[in-house]
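Q: no sequence on this one, just coordinates:
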């Protein structure tokens, strides 16, 4: 009999992904019943679910279910997945962790500011501040900073700390970077909008999963530019993790991007030009200019970091 512990790490990821989708789909009808019961009793739930005209988007709920199930299953299978401690996924106390965090944040924000400035000068963006007052603007920026830090930590722990490190167990570094970055890119499109009405729907979870796969296939050509951009983002973040042997630099980079993307929406309006292939759209990473700056960021990451020695990598893999 083949033990789960003897399966290659990247195959474990695939099996766990399928298990997460299956468990989430089975739990979805029960959670929908709870949501249906809370809607008439809680204005907060009604607002969170965007309940209008007797229906709400269960796709948003399903994404939270999948996230919760993923965290639970990874925790339950942490031993066969060889997650022995936080240091295994790159969260460990090192003397330079704060420096790497700051370096990543300022590098990503600096490149993004150059990108936004170029679009503003060329007329692809116009200044349009969406804030009621200076106090509201400050509050929004502070909120974005907190969100950016949270998103950066959570996504880097999952994608670079877990997925990327798992691929590194059985793959060459270049293959692991490409595979994990492709997975990171595709997962951003694994979502669907499914309007539902109150009532028991036993297959609602499977319907959202099916629609998510269907949307990716049907809209593949349309999402290709964003997919390329997100793939490059994944490559930059994976290399940052690989070069520093920790997640802190990658968390800083990721947090900086999230902060500036949200700030960009707050301060500017994307007008667009006939040169969409160059400038992309409001999603930032959909044009040649955005891709080029990501490649520049990759070279800067290599320039400002020092690759870990083979002894360090070997010691890490035996932890």
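A: Everything's here; your move. Worth saying up front: this structure is predicted, and the values here are computed from it rather than measured.
Q: Please, which helix or strand holds the closest residue to residue 155 other than its chain neighbours?
A: Spatial nearest neighbour of residue 155, chain neighbours left out: residue 254 (6.2 Å); criterion: CB to CB, 6 or more residues apart in numbering. To be clear about C-beta, it is placed using only N, CA and C from the backbone, and glycine gets the same treatment. Secondary-structure assignment from DSSP states H and E places residue 254 in helix 248-267.
Q: what's the burial count for residue 283?
A: Neighbourhood size, residue 283 [other CB atoms under 10 Å]: 14.
Q: buried stuff in the helix or strand residue 302 falls within?
A: According to DSSP H and E, residue 302 maps onto helix 288-304. Residues 289, 290, 291, 293, 294, 297, 298, 300, 301 are the ones in helix 288-304 that count as buried (16 or more other CB atoms under 10 Å).
Q: try stretch 204-212
A: Buried residues in stretch 204-212, counted by 16+ other CB under 10 Å: 204, 205, 206, 207, 208, 209, 211, 212.
Q: For residue 194, see how far away the second one is.
A: Think residue 205. Relative to residue 194, residue 205 is positioned 10 Å away (CB to CB, to the nearest Å).
Q: do residue 262 as well
A: According to CB to CB, residue 262 stands 26 Å off from residue 194.
Q: ok, now residue 219?
A: Distance from residue 219 to residue 194, by CB to CB: 16 Å.
Q: Those two: who's more crowded?
A: Using other CB under 10 Å as the criterion, residue 219 and residue 194 rank with residue 194 on top: 20 against 11.
Q: who's in contact with the more buried one?
A: With contact set as CB atoms under 8 Å, 6 or more residues apart in numbering, residue 194 has these partners: 57, 58, 59, 62, 204, 207, 208, 211.
Q: And residue 65, by the same measure?
A: Residue 65 sits next to 24, 27, 28, 31, 205 when contact means CB under 8 Å, 6+ apart.
Q: any low-confidence regions in this protein?
A: Residue ranges of the chain with pLDDT under 70: 1-5, 83-93, 272-274, 307-319.
Q: Would you map the helices across it?
A: Along the chain, counting by DSSP state H, helices occupy 9-38, 43-48, 58-76, 97-121, 134-155, 165-170, 173-187, 204-218, 220-244, 248-267, 276-279, 288-304, 310-317.
Q: Of those, which is nearest residue 198?
A: Ranking the helices of the chain by their distance to residue 198 (criterion: CB to CB) puts helix 9-38 first, at 4.2 Å.
Q: and the closest one, how far from the chain's centre?
A: A distance of 19 Å separates the centroid of the chain from that of helix 9-38, by CA atoms, centre = their mean, to the nearest Å.
Q: what do you get for stretch 254-272?
A: Centroid displacement of stretch 254-272 relative to its chain, using CA atoms, centre = their mean, is 16 Å.
Q: What lies in contact with that stretch?
A: Contacts with stretch 254-272, where a contact means CB under 8 Å, 6+ apart, come from 104-109, 112-113, 116, 119-120, 123-131, 137, 140-141, 144-145, 147-149, 151-153, 155-156, 233, 237, 279, 281-282, 284.
Q: List the buried residues of it.
A: Buried positions in stretch 254-272, judged by neighbour count with 16+ other CB under 10 Å: 254-264, 267-268, 270.
Q: Just name the closest of these to residue 169, please.
A: Among the buried residues of stretch 254-272, and counting by CB to CB, the member closest to residue 169 is residue 254, at 22.8 Å.
Q: Quickly note the distance from that closest one to residue 161.
A: Look at residue 254 and residue 161: by CB to CB, they are 12 Å apart.
Q: For stretch 29-44, which outside residues touch it?
A: For stretch 29-44, contacts defined as CB under 8 Å, 6+ apart pick out 45-46, 49, 51, 56, 58, 61, 65, 196, 198-205.
Q: Identify the residue spatially nearest to residue 106, adjacent ones excluded.
A: Spatially, and ignoring its direct neighbours in sequence, residue 106 is nearest to residue 256 (7.1 Å; CB to CB, 6+ apart).
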